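Asker: Take this sequence and fold it.
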Amino acid sequence: MSKQNKAPREEASNNRKDELIEATLRLIATDGIKAATVRSISEQAKVTQGLIRYHFKSKDDLIIAAYEKHMTNLIDLAAQAAEGEFDCAKKRLARFVQASVLPPIVDSQAIALWAGFFQMLFHNPAMRESHRKTYNLLRLHLKKLIEDVLVEEARSFDEPELRRLSIACNAVLDGLWIEGGALPEELSSQELVDVAVTTFGQVIGVELMSHIQSELQPPF
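Answerer: Next comes the predicted model:
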């Protein structure tokens, strides 16, 4: 098969896989992870069960792919807020943190999806590895943003310190993300931003609040 013919077929195959993943996410969001059977996913995607088995070795493989897609999308949304020609590293970090605790990242449905997937974590080694992958995706992104700030501040640091800072800051975002989505009536968007950005500044030892986007809206 020529490269010209192979490329469109690969693209079509990837698109079909993405459609199956999106159908799985919709199903889990509405009916929970236990409802995500091959049959129900095929009905949601309007495809045959055989097509699912063609693209994924098992139902668990499809569910894990959906989990990775869900978590990666959330991280990508926050990363978009830190893109652009900002005049300093502190602003990039502050904008990333701000975006991470506002809608559409902090969202009840996003938390419900995550909680559904999390049931598999301690019973499925592949899901555990997927969780490790997405955890480190966020942590390493934070680590680079923090490193840029420390370099900008002419602060001395080493790799173990960067690791500790990224773990601590990741934990701050995780906690606020969960509670902000689970209890939106208890924690206002302004509170979430204030707590997240102030705490990051305290952990790292820099002032960040003056670098957030002033209008309280998702900074994308």
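Asker: ranges for the helices of the protein?
Answerer: 3-31, 38-45, 49-55, 59-81, 89-100, 108-118, 125-152, 159-182, 189-204 (DSSP state H).
Asker: quick one, which of these is packed in tightest?
Answerer: Among these, helix 89-100 has the highest mean neighbour count (mean count of other CB atoms under 10 Å), at a mean of 25. C-beta: built from backbone N, CA, C; applies to glycine.
Asker: Tell me what angle that helix forms with helix 159-182.
Answerer: Angle, helix 89-100 to helix 159-182, by axes from the mean of the first three to the mean of the last three CA atoms, to 10 degrees: 30 degrees.
Asker: send the alpha carbons of helix 89-100 over as CSV?
Answerer: C-alpha atoms of helix 89-100 as CSV (Å, rounded to 0.1, in the frame of the first residue of the first chain):
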residue,chain,number,x,y,z
ALA,A,89,7.4,33.0,34.1
LYS,A,90,5.4,33.9,37.2
LYS,A,91,2.5,35.0,34.9
ARG,A,92,2.6,31.7,33.0
LEU,A,93,2.4,29.8,36.3
ALA,A,94,-0.3,32.0,37.8
ARG,A,95,-2.4,31.7,34.6
PHE,A,96,-2.0,27.9,34.6
VAL,A,97,-3.1,27.6,38.2
GLN,A,98,-6.0,30.0,37.8
ALA,A,99,-7.3,28.1,34.8
SER,A,100,-6.9,24.8,36.7
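Asker: by contact count, what packs against that helix?
Answerer: Applying 3 or more CB pairs under 8 Å, 6 or more residues apart in numbering; DSSP states H and E, one finds that helix 89-100 contacts helix 59-81, helix 125-152, helix 159-182, helix 189-204.
Asker: Outline the domain layout of the chain.
Answerer: 1-56, 61-211 (automatic domain parsing).
Asker: and those domains, which one's lowest on average pLDDT?
Answerer: Lowest mean pLDDT within those: domain 1-56, at a mean of 84.
Asker: quick one: that domain to chain centroid distance?
Answerer: Between the centre of domain 1-56 and the centre of its chain there are 21 Å (CA atoms, centre = their mean, to the nearest Å).
Asker: now stretch 123-141
Answerer: The answer for stretch 123-141 is 11 Å, by CA atoms, centre = their mean.
Asker: ok, now stretch 63-81?
Answerer: 4 Å.
Asker: Okay, the nearest residue in space to residue 177 that is not next to it in sequence and residue 191: tell me how far apart.
Answerer: Excluding the flanking residues, the one nearest residue 177 by CB to CB, 6 or more residues apart in numbering is residue 106, at 5.8 Å. Using CB to CB, to the nearest Å, residue 106 is found at 11 Å from residue 191.
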